[in-house]
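Participant: no FASTA, just this:
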């Protein structure tokens, strides 16, 4: 029943291609299957392309991290491309995001079975060489150190550590250089082994394939490569990350910040995914009620509409409506930053309550247009499907509670 939701939702929003009347997905060229070991398979025929896109996804993202293995899930993804001898599979792309780790490769039809078998070997029989560990371990330490010194890292870590104070290590901003300090290759391999056994299991895996081959043939190839793999006996599942506290306010200061501008960030963490997306589209639209209301307050000293933004963020099983603005020093010297903040919050609440119906209708129309644009072909459709597959269980749990 869960998986049927994806097909029905896609069919409802997609309808027809932008050009012509050919449907991008229908009951004849699209299929969803589950192998006996728990691996989910999504296939989509598309004979308008000459190759096949494959993605293997695991619900083993940053949200699965603990205080003890923070940073090692992204490291695992970097090492996934290597074989036991330390040779890197150049054509394989790998990424570890908030909710999943995703591995993608493009191949010709004749190479489908070999590509799937190579993915299965790396996924369920990993063997990390000392050379691969050293190379990616050192590279990642340098990347984290470099990023940690940027203003963006300072702000993101400061905000996330407070908004998600119960488990800041489940955020990308919670990965610090010191976490990798002093570990030998053998110690690193031990942590990676635990991740493999508990998270890289058939129950946490999904395969997405699209391209110039009948769906039955693609399914048959998947069964051949993955069908005999045994389910994990201690497979774990990430839990939604909760925002800590209500109505929390805090100030971040730094000598590197300009004294001429104050950035204000307001986050709402109690909305569902659909509500968050809709409100972000309504509030962030050009000439929205929110923007006009805030711009009309002289004491806020917001220079122009481009200094106000609203967006949605979905990760770690939670959705956030994020509203940001840049305020200049007020002309009225009796107005201080604290009073500006209080004025901003009161006018923000007022503008949300007075947003017009036609603003919501325009936002819904834009959603439909954007969805059609994103899913303009089979590979982008499957990529979009994969991005949200990992958070579907989170959404289901939220609906139950």
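Facilitator: Alright, I've got the coordinates. Quick caveat, the model's predicted, so the values are computed rather than measured.
Participant: what segments of this structure are helices?
Facilitator: Ranges of helices in the chain, per DSSP state H, are 2-14, 72-79, 112-124, 130-148, 151-163, 185-199, 215-226, 273-284, 289-295, 337-353, 357-374, 378-389, 392-400.
Participant: and the ones you listed, which is most packed in?
Facilitator: Stretch with highest mean neighbour count among these: helix 72-79 (a mean of 23; mean count of other Cβ atoms under 10 Å). Bear in mind the C-beta positions are built from the backbone N, C-alpha and C, glycine included.
Participant: that one packs against which elements?
Facilitator: When contacts are defined as 3 or more Cβ pairs under 8 Å, 6 or more residues apart in numbering; DSSP states H and E, helix 72-79 packs onto strand 93-96, strand 101-107, helix 130-148, helix 185-199.
Participant: can you tell which of the helices of the chain is closest to residue 32?
Facilitator: The closest of the helices of the chain to residue 32 is helix 2-14. By Cβ to Cβ, the value is 4.7 Å.
Participant: which one of the helices of the chain has the lowest average pLDDT?
Facilitator: In terms of average pLDDT, helix 2-14 trails the rest of the helices of the chain, at a mean of 40.
Participant: report the contact partners of residue 204.
Facilitator: 58-60, 232, 235, 237 (Cβ atoms under 8 Å, 6 or more residues apart in numbering).
Participant: buried only: go through these for me.
Facilitator: Buried by 16 or more other Cβ atoms under 10 Å: 58-60, 232, 235, out of these.
Participant: ok, back up a step: and of the helices and strands packed on helix 72-79, who's closest to residue 310?
Facilitator: The closest of the helices and strands packed on helix 72-79 to residue 310 is helix 130-148. By Cβ to Cβ, the value is 25.8 Å.
Participant: what about residue 109, how many residues nearby?
Facilitator: A count of neighbours around residue 109, defined by other Cβ atoms under 10 Å, yields 15.
Participant: ok, the nearest residue to it once chain neighbours are set aside to residue 380 distance?
Facilitator: Leaving out its chain neighbours, the residue that sits closest to residue 109 by Cβ to Cβ, 6 or more residues apart in numbering is residue 213, at 5.4 Å. Distance, residue 213 to residue 380, using Cβ to Cβ, to the nearest Å: 18 Å.
Participant: ok, residue 322 next?
Facilitator: Taking Cβ to Cβ, one finds residue 322 at 25 Å from residue 380.
Participant: now residue 272
Facilitator: As judged by Cβ to Cβ, residue 272 and residue 380 stand 25 Å apart.
Participant: I figured residue 265 hits residue 320, correct?
Facilitator: No - contact criterion Cβ atoms under 8 Å: residue 265 and residue 320 do not qualify, at 10.4 Å.
Participant: what's the overlap in contacts for these two?
Facilitator: Counting by Cβ under 8 Å, 6+ apart, nothing touches both residue 265 and residue 320.
Participant: which one of these two has more residues nearby?
Facilitator: Comparing residue 265 with residue 320 by other Cβ under 10 Å, the one with more neighbours is residue 320, at 20 against 13.
Participant: the more buried one reaches residue 267, doesn't it?
Facilitator: Yes - applying Cβ under 8 Å as the test, residue 320 and residue 267 come out as touching, 5.1 Å apart.
Participant: burial count for residue 67?
Facilitator: 11.
Participant: do you know how far the residue nearest to residue 332 when sequence neighbours are not counted is from residue 257?
Facilitator: Residue nearest to residue 332 in three dimensions, not counting chain neighbours: residue 299, with 6.0 Å by Cβ to Cβ, 6+ apart. Distance of residue 299 to residue 257, given as Cβ to Cβ: 21 Å.
Participant: ok, residue 211 - contacts?
Facilitator: If you count contacts by Cβ under 8 Å, 6+ apart, then residue 211 has 45-46, 49, 51-53, 109, 218, 378 around it.
Participant: any idea how far the closest residue to residue 72 other than its chain neighbours lies from residue 76?
Facilitator: Leaving aside its sequence neighbours, residue 72 sits nearest to residue 191 (Cβ to Cβ, 6+ apart; 4.9 Å). Residue 191 is 9 Å from residue 76, where distance means Cβ to Cβ.
Participant: you'd agree residue 267 is up against residue 319?
Facilitator: No - contact criterion Cβ under 8 Å: residue 267 and residue 319 do not qualify, at 10.4 Å.
Participant: comparing the two, which residue is more hemmed in?
Facilitator: Comparing residue 267 with residue 319 by other Cβ under 10 Å, the one with more neighbours is residue 319, at 24 against 14.
Participant: and the more buried one, how far from residue 59?
Facilitator: 18 Å.
Participant: what's the angle from the biggest strand by length in the chain to helix 273-284?
Facilitator: When the chain is parsed with DSSP state E, its longest strand is strand 318-328. With axes from the mean of the first three to the mean of the last three Cα atoms, to 10 degrees defining the directions, strand 318-328 sits at 20 degrees from helix 273-284.
Participant: average pLDDT for strand 318-328?
Facilitator: On average, the pLDDT along strand 318-328 is 89.
Participant: show me what that strand is packed up against.
Facilitator: For strand 318-328, the packing partners by 3+ Cβ pairs under 8 Å, 6+ apart come out as strand 261-268, helix 273-284, strand 308-315, helix 337-353.
Participant: cutoff 6 Å now
Facilitator: strand 261-268, helix 273-284, strand 308-315 (3 or more Cβ pairs under 6 Å, 6 or more residues apart in numbering; DSSP states H and E).
Participant: quick one: closest of the ones you listed to residue 355.
Facilitator: Residue 355 lies closest, by Cβ to Cβ, to one member of these: helix 273-284, at 5.7 Å.
Participant: the closest one packs against which elements?
Facilitator: Partner elements for helix 273-284 (3+ Cβ pairs under 6 Å, 6+ apart): strand 308-315, strand 318-328, helix 357-374.
Participant: now the ones you listed in CSV, with distance to residue 99?
Facilitator: Output for the helices and strands packed on helix 273-284, formatted as CSV (distance: least, Cβ to Cβ, whole Å):
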stretch, distance to residue 99
strand 308-315, 6
strand 318-328, 10
helix 357-374, 18
